[in-house]
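# Quick one: sequence plus predicted model below, questions after.
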Amino acid sequence: MTDYLVRIITKSGTVRALACVTTGLVSEACRRHGTWPTASAALGRALTGGALMGAMLKTGQRVALKFEGNGPLKKIIVEAESSGAVCGCVGVPEVHLPVKEGKLDVGGALGRAGFLSVTKDLGLKEPYKGMVQLYTGEIAEDLALYLAESEQIPSAVGLGVFVEPDNSIAAAGGFLIQSLPPQDEEAVERLMEHIGKMPPITELLRRGNTPEQLLELLFAGIPYDILEKRALAFHCSCSREKIERVLISLGKADLAGMIEKEGSAAVTCEFCREVYHFSRSELERLLGEIN
Ligand SMILES: [Zn+2]
């Protein structure tokens, strides 16, 4: 199953929701960063949360999530675009902790003391910025707290990543539900009940359930319309041109020093681990572009 997301709204217009499967893009990100299981689960949950947040934006807008905690993982950074492109990295990929209550200990890896900051590029002069303290460090609860506190929208978030003993990603996905004014108490109560009774997302996905089926389970008895289905993919916004601009920004002296000392350059993008190689003649051309 390829990665995609489904967006719905209830017929009453008071609850909107998104559900997605992200197994492919999470696998790709974990492979590129060489994450160990607990780090894979943390990165996968954050990427899935980013994909859900990105899908609520308008065309051309972007969102960046930065989780910083006092645990060994140090941080998780995710960038998502409205187009469905998602990318991200962790501070320390080689983190694996003992399993806690049958689950990978993401909260222990990130740490429970720290911050989640959200930056949205909405195409305005200044980006929108919001920040909350980490709640559990388990990612889903932290995002729900951010949405409720900083954006003032009561939200429920569920994120799941199943990592196999061989460190491959068997399933990843999630959902995001938001209550819109005027709050429909009855629907919210019913949704909370369904969330409480629902088997773990990864179990449902491993059984072959689709995002549509996750929503059917969550919204059983609540009529809704499917608004959109969109593809999701691991995609970084880096490019050779962007890396060239970074090299140029080093300035004449530093770039000349690099050419003299190294002869060539290999620059790795921290988000996707793509390596860009520059030969001596290419570096000399860039040097010539600096006034
Ligand atoms: Zn990149």
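Done, it's in.

# What residues does Tyr128 make contact with?
118-120, 122 (Cβ atoms under 8 Å, 6 or more residues apart in numbering). Quick note: C-beta positions are derived from backbone N, CA and C, even for glycine.

# try it again with 10 Å
61, 63, 118-122, 150-151 (Cβ atoms under 10 Å, 6 or more residues apart in numbering).

# wait, which of those residues is closest to Arg31?
Closest approach to Arg31 among the contacts of Tyr128 (Cβ to Cβ): Val63, at 23.7 Å.

# part of a strand, is the closest one?
Yes - under DSSP: H, G, I helix; E, B strand; the rest coil, Val63 falls within a strand.

# was I right about it contacting Ile77?
No - Val63 is beyond contact range of Ile77, at 11.6 Å (criterion: Cβ atoms under 10 Å).

# quick one, which of the two is more surrounded?
Legend: neighbour count by other Cβ atoms under 10 Å for Val63 and Ile77, higher for Val63 (26 against 20).

# if I look at Ser82, how far off is Gly108?
Distance check for Ser82 against Gly108: by Cβ to Cβ, to the nearest Å, it reads 33 Å.

# More neighbours: these two, which one.
Neighbours per residue, other Cβ under 10 Å: of Ser82 and Gly108, the larger number sits with Gly108, 20 against 16.

# excluding its backbone neighbours, what's nearest that one?
Excluding the flanking residues, the one nearest Gly108 by Cβ to Cβ, 6 or more residues apart in numbering is Leu97, at 5.0 Å.

# do the same with Ala39
Nearest one to Ala39, counting by Cβ to Cβ, 6+ apart, is Val95 at 4.3 Å.

# The one you found: neighbour count?
25.

# thinking it is in contact with Leu110, fair?
Yes - with contact defined as Cβ under 10 Å, Val95 counts as touching Leu110 (9.2 Å).

# re earlier: next, show the common contact partners of Val63 and Ile77.
Joint contacts of Val63 and Ile77 (Cβ under 10 Å, 6+ apart) are Gly50.

# List the buried residues in stretch 8-24.
8-10, 14-24 (16 or more other Cβ atoms under 10 Å).

# out of those residues, which are inside strands?
Those of those mapping onto strands are 8-10, 15-21, per DSSP state E.

# is it possible to export these to TSV including pLDDT?
TSV is the format used below for those (pLDDT from 0 to 100):
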residue	pLDDT
Ile8	98
Ile9	97
Thr10	96
Val15	97
Arg16	97
Ala17	98
Leu18	98
Ala19	98
Cys20	98
Val21	98
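
# Now distance to the ion too, for those, in a markdown table please.
Formatted as a markdown table, those follow (distance: Cβ to the ion, whole Å):
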| residue | distance to the ion |
| --- | --- |
| Ile8 | 32 |
| Ile9 | 34 |
| Thr10 | 38 |
| Val15 | 36 |
| Arg16 | 31 |
| Ala17 | 31 |
| Leu18 | 25 |
| Ala19 | 27 |
| Cys20 | 22 |
| Val21 | 23 |
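
# Residue numbers of the stretch 101-250 of the chain in contact with the ion?
236, 238 (Cβ under 5 Å from the ion).

# Helices of the stretch 101-250 of the chain, residue ranges please.
106-110, 140-149, 185-197, 201-206, 211-218, 240-249 (DSSP state H, counting those that start in this stretch).

# where's the residue of the chain positioned farthest from its centre relative to Leu283, distance?
No residue in the chain sits farther from the centre than Glu260, which is 39.8 Å out by Cα atoms, centre = their mean. Applying Cβ to Cβ, the value for Glu260 to Leu283 is 10 Å.

# Would you state the strands of the stretch 1-150 of the chain in chain order?
4-10, 15-21, 62-69, 75-81, 85-90, 114-121, 128-133 (DSSP state E, counting those that start in this stretch).

# how big is the angle separating the longest helix anywhere in the chain from strand 114-121?
The helix that spans the most residues within the chain, counting by DSSP state H, is helix 37-54. Angle, helix 37-54 to strand 114-121, by axes from the mean of the first three to the mean of the last three Cα atoms, to 10 degrees: 40 degrees.

# just the CA coordinates of helix 37-54, formatted as PDB?
Extracted in PDB, the C-alpha atoms of helix 37-54 (Å, rounded to 0.1, in the frame of the first residue of the first chain):
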ATOM      1  CA  PRO A  37      14.200   1.000  16.800                       C
ATOM      2  CA  THR A  38      13.200   3.600  19.500                       C
ATOM      3  CA  ALA A  39      14.600   6.400  17.300                       C
ATOM      4  CA  SER A  40      12.700   5.000  14.300                       C
ATOM      5  CA  ALA A  41       9.400   5.000  16.300                       C
ATOM      6  CA  ALA A  42      10.000   8.600  17.400                       C
ATOM      7  CA  LEU A  43      10.900   9.800  14.000                       C
ATOM      8  CA  GLY A  44       8.100   7.900  12.400                       C
ATOM      9  CA  ARG A  45       5.500   9.300  14.800                       C
ATOM     10  CA  ALA A  46       6.700  12.800  14.200                       C
ATOM     11  CA  LEU A  47       6.800  12.400  10.400                       C
ATOM     12  CA  THR A  48       3.200  11.100  10.500                       C
ATOM     13  CA  GLY A  49       2.100  14.000  12.800                       C
ATOM     14  CA  GLY A  50       3.800  16.400  10.400                       C
ATOM     15  CA  ALA A  51       2.000  14.900   7.400                       C
ATOM     16  CA  LEU A  52      -1.300  15.300   9.200                       C
ATOM     17  CA  MET A  53      -0.500  18.900  10.100                       C
ATOM     18  CA  GLY A  54       0.700  19.700   6.600                       C
END
